[in-house]
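> When you get a sec, could you give me coordinates for this:
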Amino acid sequence: MKIFFYALRPFDELACAQKLSAETGIAFDGCEDYPTYENAALAAGCDAVSMTPCDMGAAMVERFHQLGVKYICCRSIGYEHVDREMARQLGMKVSNVDYPPRGVANFAIMLMLMSLRRVGHILKRGEVQDYGLKGKIGRDLSGCTVGVIGTGHIGRTVLQHLSGFGCRLLAYDLYPSEEGARYAEYVDLDTLFAQCDVITLHTNANAGNHHLIDANALARMKDGVVIVNTARGSLIDSDALIAALEQGKVGAAALDVLENENGLYYYDRSGDPIPNTELALLRSFPNVLLTCHTAFYTDEDVESMVRGVFESAAAFARGEPTRHDVSLA
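The predicted structure is shown next:
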């Protein structure tokens with residue numbers, strides 16, 4: 001049994017993989033590059049390949065199948081980048097990973113606090129030695145109504161942790177949970193949009209919620225609303241958000257994910273001219289925080305993600321069920 005890791009980071013993931021290989025007896029190899037049609041040959045003879053989000057369309061899936069790979073083990077919760085239909089046709093299994101929800105949940109709360117207290121703006125002005133108070137006044141989270149869209153593991157953890165701040169909590173989910181209802185009042189989206197000072201997104205991306213936050217949704221929100229997204233970039237229409245920021249409708253935005261982040265985040269693009277107008281515009285606003293998809297990035301979460309790859313590959317090989325199996329039936 002052998003796994004080939006693409007985009008294997010030598011400064012954090014490698015040590016985890018070495019530790020887990022010793023624990024499980026499963027061999028591994030890897031490289032720092034993302035998978036391409038050319039370097040796919042590095043995985044020849046391996047049972048599984050693992051990667052962070054990248055292009056894993058039909059051609060790449062078929063290429064790995066030709067090389068004898070049987071399992072595609074994503075090192076991410078999201079798996080939208082994999083053509084699972086092609087994998088199903090070829091008899092290949094696909095898995096994702098999970099990790100403790102508190103890392104992302106606490107990061108989202110940090111972004112709320114930073115946005116409400118204008119920390120990004122305060123820090124930038126401090127860099128030019130402007131230590132005055134004018135234009136830096138903020139709002140206290142405890143006096144806000146916070147809306148949580150999506151109450152899975154992470155969303156429920158956000159609600160639980162926010163309950164200690166004393167703020168009013170509203171929630172929206174297609175499938176409300178009893179645990180979520182302990183901390184928040186479940187309402188429809190119109191009510192949440194109309195009443196919340198802060199809205200934070202914690203739902204998976206799918207065809208039904210593409211651009212969940214669009215111009216129409218933004219128009220129904222309170223003036224000065226703070227929007228936090230640590231979930232998926234496609235949940236927000238970037239053009240509509242930029243227009244709402246320009247108009248002052250949105251008071252602040254804190255975005256750990258962007259709609260068009262592929263080929264951008266997780267790369268060192270220092271000195272490069274980046275053809276991403278949305279990124280350039282969002283970076284220009286003093287009331288926008290961009291954190292380059294790092295909400296998950298704790299030592300605990302990284303080990304959990306690498307461990308999930310070893311667990312899934314082993315389960316697939318033994319023909320056993322695993323909660324990480326996202327293969328199409």
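> those strands in the protein, which residues are they?
With strands called from DSSP state E, the chain shows them at 2-5, 27-30, 48-51, 71-74, 93-95, 145-149, 168-172, 185-186, 198-201, 225-229, 250-255, 288-290.
> Run through the stretch 51-200 of the chain and note the low-pLDDT ranges.
Scanning the stretch 51-200 of the chain for pLDDT under 70 picks out no residues.
> how many other residues sit next to Val228?
Neighbour count for Val228, taken as other CB atoms under 10 Å: 28. No exception for glycine: its C-beta is placed from N, CA and C like everyone else's.
> Verify the stated contact: it with Leu111.
Yes: applying CB atoms under 8 Å, one finds Val228 in contact with Leu111, separated by 5.0 Å.
> Need the overlap of contacts for the two.
Shared contacts of Val228 and Leu111, defined by CB atoms under 8 Å, 6 or more residues apart in numbering, comprise Ala254.
> Would you mind giving the strands of the chain as JSON lines with distance to Ser304 added?
Shown next, in JSON lines, are these (distance: least, CB to CB, whole Å):
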{"stretch": "strand 2-5", "distance to Ser304": "15"}
{"stretch": "strand 27-30", "distance to Ser304": "17"}
{"stretch": "strand 48-51", "distance to Ser304": "14"}
{"stretch": "strand 71-74", "distance to Ser304": "13"}
{"stretch": "strand 93-95", "distance to Ser304": "14"}
{"stretch": "strand 145-149", "distance to Ser304": "23"}
{"stretch": "strand 168-172", "distance to Ser304": "25"}
{"stretch": "strand 185-186", "distance to Ser304": "29"}
{"stretch": "strand 198-201", "distance to Ser304": "22"}
{"stretch": "strand 225-229", "distance to Ser304": "22"}
{"stretch": "strand 250-255", "distance to Ser304": "24"}
{"stretch": "strand 288-290", "distance to Ser304": "25"}
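> Mean neighbour count, those strands: which tops it?
Comparing these by mean neighbour count (mean count of other CB atoms under 10 Å), strand 48-51 ranks first with a mean of 28.
> What are the contacting residues of that one?
2-7, 34-35, 43, 64, 69-75, 309, 312-313, 316.
> can you do 6 Å?
Strand 48-51 is contacted from outside by 3-7, 35, 43, 64, 69, 71-73, 75, 309, 313, using CB atoms under 6 Å, 6 or more residues apart in numbering.
> go on, stretch 122-130?
Counting contacts by CB under 6 Å, 6+ apart, the residues outside stretch 122-130 that touch it are Lys136.
> Tell me if I'm right that Pro53 and Ser76 touch.
Yes: between Pro53 and Ser76 there is a contact at 5.4 Å, judged by CB atoms under 6 Å.
> picking up where we left off before, nearest to Leu189 among the contacts of strand 48-51?
Distance to Leu189 across these (CB to CB) is lowest for Arg75, with 32.1 Å.
> Can you name the residues that contact that closest one?
Arg75 sits next to 50, 52, 305, 309 when contact means CB under 6 Å, 6+ apart.
> Identify the farthest-apart pair in those residues.
Farthest pair in the contacts of Arg75, by CB to CB: Thr52 and Val309, 10.8 Å.
> The two: which is more packed in?
More crowded of Thr52 and Val309, by other CB under 10 Å: Val309, with 29 against 20.
> Tell me the pLDDT of that one.
On the pLDDT scale, Val309 is placed at 98.
> Isn't it up against Tyr71?
No: under the criterion of CB under 6 Å, Val309 makes no contact with Tyr71, lying 9.4 Å away.
> Would you map the helices across the stretch 51-200 of the chain?
Ranges of helices in the stretch 51-200 of the chain, per DSSP state H, counting those that start in this stretch, are 58-66, 84-89, 102-116, 119-127, 153-162, 178-181, 189-195.
> Many thanks, I have nothing further to ask.
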